[in-house]
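> sharing a model that was predicted from the sequence below.
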Number of protein chains: 2
Amino acid sequence: MYTNDQLQSLIENYLAQAEFPAEPELLYAPIAYSLAGGGKRLRPMLVLLSHALFSDNVQQALPAAGAVEVFHNFTLLHDDIMDNAAIRRGKPSVHAKWGRNVAILSGDAMLIYAYRLLSLLPAAQVPQALATFDTMALEVCEGQQYDMDFEQKQKVSVVEYMHMIELKTSALLAGSVQIGAQLGGASEEDCRKLRRFAIELGLAFQLQDDLLDSYGDERLGKAIGGDILEGKKTYLAVTAMSRADEATREELRTLLNDGGIDPARKIAGVKALFDRLDVPHLAEQQIELRFERALAQLDTLPVDPARTAPLREFAAGLMGRKK
Amino acid sequence: MYTNDQLQSLIENYLAQAEFPAEPELLYAPIAYSLAGGGKRLRPMLVLLSHALFSDNVQQALPAAGAVEVFHNFTLLHDDIMDNAAIRRGKPSVHAKWGRNVAILSGDAMLIYAYRLLSLLPAAQVPQALATFDTMALEVCEGQQYDMDFEQKQKVSVVEYMHMIELKTSALLAGSVQIGAQLGGASEEDCRKLRRFAIELGLAFQLQDDLLDSYGDERLGKAIGGDILEGKKTYLAVTAMSRADEATREELRTLLNDGGIDPARKIAGVKALFDRLDVPHLAEQQIELRFERALAQLDTLPVDPARTAPLREFAAGLMGRKK
């Protein structure tokens, strides 16, 4: 058995050992740059932790762990072009550093490289891993498209929002645990339970992300209110809209879409409306509910509870909690 | 045994039966639009024709034929963004019709969909097909990057140019025949021979494309001189540069980079220089040489010559020749 820190090191070492051709430089340098950019390696951790529930042969699952991490970084690379985001993890994004065309093409190559890692799995495991990976990857694209659609939409319901983040955020976590568990020899039923765990965890994580963006976390000292300034349709915004009367709704819409207003006043005004509508409290409830549902799935797995402990520890860490 | 026309119909039917989800519309509609846009289906034909050399079970290879065609159309979709091309096969390109972000994301989904088709192959065949496909796909990306690099480069040698088109054009043909042959049960040596056939055929095809763009083909009645007007580094241009003395080289470079000159005069001027340097004749020789080398590979295959006839017919048709 490995500790979570040891699994993390295995992933870092596996990713670091990847050698890309020197030429054409503008194709491969951005891939190496993206993969060396850090990040928490959440998704490959989920592959290995799920795999470890059913198998002790962690080495076997490493190519799949690498594949989901490469895929995740590919999505960030292309998303940054679409969102026109200049900074990623404190450094220039690929398209800001090398230009749009290099970012499109090196992202494409990165997606292909994720599949190449999959092809390094034991041959008998490749077909199922490939099918799971494809489904997952298409879901993530669907989520990103819905997210872009929302920017143009006047009205987004809470249900639509939850569906979008289930695709954009949870699908990749669910695919990761599924691939890991399948490689470890889990039954279909156990895979389904683990998927449910990951979907709920992803929702909890994303809702918490939305909440912290507006209400902050003293531990992080992060700038607060970015989503509000962008007028983003977050869980807070769509929940507020669904609860407000027509007048309040109009007030909120006007505030969120106001680009001329002083930033501090905009943030304070929107948050006052959120507070009046009890939105932060509702978000906390949802986060709690989703997180508990996630953990409850682990109780139903037919494995020694000691085996699920690392996955619980990981989930708690993801949510910024001690276990 | 199927005739080539029958194989073509099988491919069209296979592609037409693909059903994409209705939502999110902006993700899937561009994929259906791209695949319905026609094209000669050269690459899936190569999959099926190579497969048919070794097997009569053509149905088995259809998912792979679909995968290479979807991949090819994905490359066109993303290339059109990079090249800022507004028209594809006489219709608006995806990015012209739906915008850049939709084109990036639906292209990504299309690449994933190509892999999904691969996963429909018989499970025992998936690992090898996946590995071949990945290598091929990365080579195509490399070729596209070199092609973009050339736009910024002052000097491109004939060797560099041939290497680029071997990646950008031939790699996909070589991967197609390899996957088809592997699925049909060909030996490694026969796969190598077929790859060599496809590489040479791809080079002949691309050089002919370069030649026809400047010197035309009465049968096609195509507008002539597009590459010259864009100042593109084609086989003709790099060959001319390699043969010219310093003064002529400077003259050619000035003409090719001149955006202000009257188009007809630019085309006539560049072609006069090409003619003076005997470039069209040299291009024809290269085309002939490559095409003959391609066909010669087929003679070395340990199959009844009658079985290679459809592939010869296809190759001749590709080059616009009667067999």
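All right, it came through fine. Being a predicted model, the structure only gives us computed values, none of them experimental.
> and the residue of the stretch 201-323 of chain A found nearest chain B, how many neighbours?
Across the stretch 201-323 of chain A, the shortest distance to chain B (Cβ to the nearest Cβ) belongs to residue A:233, at 15.2 Å. (C-beta placed from N, C-alpha, C; glycine too.) If you count neighbours by other Cβ atoms under 10 Å in any protein chain shown, residue A:233 ends up with 21.
> would you agree it is in contact with residue A:158?
No - between residue A:233 and residue A:158 no contact is recorded; they are 10.5 Å apart, counting by Cβ atoms under 8 Å.
> which residue ranges of the stretch 51-200 of chain A form strands?
Taking DSSP state E, counting those that start in this stretch as the test, the strands found in the stretch 51-200 of chain A are A:87-88, A:91-92.
> would JSON lines of those with mean pLDDT and distance to residue A:247 be doable?
Putting the strands of the stretch 51-200 of chain A into JSON lines (pLDDT from 0 to 100; distance: least, Cβ to Cβ, whole Å) gives the following:
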{"stretch": "strand A:87-88", "mean pLDDT": "95", "distance to residue A:247": "38"}
{"stretch": "strand A:91-92", "mean pLDDT": "96", "distance to residue A:247": "44"}
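> can you tell me which of those strands is most buried?
By mean neighbour count, with neighbours taken as mean count of other Cβ atoms under 10 Å in any protein chain shown, strand A:87-88 ranks first of these at a mean of 16.
> ok, and what's touching that strand?
Surrounding strand A:87-88, the residues in contact under the criterion Cβ atoms under 8 Å, 6 or more residues apart in numbering or on different chains are A:37, A:76, A:80, A:93-94, A:96.
> can you tell me which of the residues you listed is nearest residue A:23?
The shortest separation between residue A:23 and any of the contacts of strand A:87-88 is 18.1 Å, and it belongs to residue A:94 (by Cβ to Cβ).
> against chain B, how distant is that closest one?
Applying Cβ to the nearest Cβ, to the nearest Å, the value for residue A:94 to chain B is 13 Å.
> tally of neighbours for that residue?
Residues within reach of residue A:94, counting by other Cβ under 10 Å, total 28.
> pretty sure it sits against residue A:103.
Yes - using Cβ under 8 Å, residue A:94 and residue A:103 qualify as a contacting pair, with a distance of 4.5 Å.
> report the set of residues contacting both of these two.
Residues touching both residue A:94 and residue A:103 (Cβ under 8 Å, 6+ apart): A:30, A:77, A:80.
> what subset of these is also close to chain B?
If you filter the shared contacts of residue A:94 and residue A:103 for contact with chain B, counting by Cβ under 8 Å from any Cβ of the partner chain, you are left with nothing.
> narrow those to those that are buried.
A:30, A:77, A:80 (16 or more other Cβ atoms under 10 Å in any protein chain shown).
> now, which of those lie within helices?
Among these, the members found in helices (DSSP state H) are A:30, A:77, A:80.
> show the contacting residues for the last one.
Looking back up the chat, that one is residue A:80. Listed by Cβ under 8 Å, 6+ apart, the contact partners of residue A:80 are A:88, A:93-96, A:103.
> distance of the residue nearest to it when sequence neighbours are not counted from residue A:78?
What sits nearest to residue A:80 in space, not counting adjacent residues and going by Cβ to Cβ, 6 or more residues apart in numbering or on different chains, is residue A:93, at 4.1 Å. Distance, residue A:93 to residue A:78, by Cβ to Cβ, to the nearest Å: 10 Å.
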